[in-house]
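A.B. asks: I'd like to go over a predicted model; first the sequence, then the structure.
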Amino acid sequence: QVQLVESGGGLVQAGGSLSLSCTISGRTISTYNMNWFRQAPGKERERVASITRSGYTTYYANSVKGRFTISRDNAKNSVNLQMNSLKPEDTAVYYCAASMVEGAYSYWGQGTQVTVSS
């Protein structure tokens, strides 16, 4: 059974930083491209960042480019999202997801809440 578990969410003031981590069990993370999504109340789920199996290629939504950094540690079966210069509009539940191909997400975590106060 494959499970993704996120951690690291919390409450932070605007301008602050948080680091999210997602650990996979049941499979080797190197099998998958890894992705971070977020969903704010009343809004659609948004893909925030992605990283390929090798870690050589990354994607960032325009809204987070230059502030967020996705990285992976295949030896630790984990993917991380470093979030700097946080804004109140970054407030959302953040999810990690594993994919074999772009647009097809095989597994999802349960989500972790990030709240940025102004």
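C.D. replies: Looks like it arrived, so ask away.
A.B. asks: which ones are touching the one residue sitting closest to the centre of the chain?
C.D. replies: Computing the C-alpha centroid of the chain and ranking residues by C-alpha atoms, centre = their mean puts residue 36 first, at 2.8 Å. By C-beta atoms under 8 Å, 6 or more residues apart in numbering, the residues touching residue 36 are 20, 22, 47-50, 70, 79, 81, 94-97. For the C-beta atoms, the positions are set from N, CA and C on the backbone; glycine is no exception.
A.B. asks: Just confirm it is within a helix.
C.D. replies: No: according to DSSP: H, G, I helix; E, B strand; the rest coil, the state of residue 36 is strand, so it is not within a helix.
A.B. asks: Report the strand of the protein that spans the greatest number of residues.
C.D. replies: Longest strand in the chain by number of residues, with DSSP state E as the criterion: strand 92-101.
A.B. asks: Downstream of that strand, the next helix or strand is which one?
C.D. replies: Moving toward the C-terminus from strand 92-101, the next helix or strand (DSSP states H and E) is strand 104-108.
A.B. asks: Mind listing what's buried along that next one?
C.D. replies: For strand 104-108, the neighbour count (16 or more other C-beta atoms under 10 Å) marks 105, 107 as buried.
A.B. asks: State the next helix or strand along the chain beyond that strand.
C.D. replies: Downstream of strand 104-108 (by DSSP H and E), the next one is strand 112-117.
A.B. asks: Show me what that following strand is packed against.
C.D. replies: strand 10-13, strand 18-25, strand 92-101 (3 or more C-beta pairs under 8 Å, 6 or more residues apart in numbering; DSSP states H and E).
A.B. asks: Each with direction, which strands does the first one pair with?
C.D. replies: Each strand pairing with strand 10-13, determined using DSSP bridges, is listed with its direction: strand 112-117 (parallel).
A.B. asks: How about the last one?
C.D. replies: For strand 92-101, sheet partners with direction are given as strand 33-39 (antiparallel), strand 104-108 (antiparallel), strand 112-117 (antiparallel), following DSSP bridges.
A.B. asks: ranking the ones you listed by mean pLDDT, which is last?
C.D. replies: The weakest mean pLDDT among these belongs to strand 104-108, with a mean of 93.
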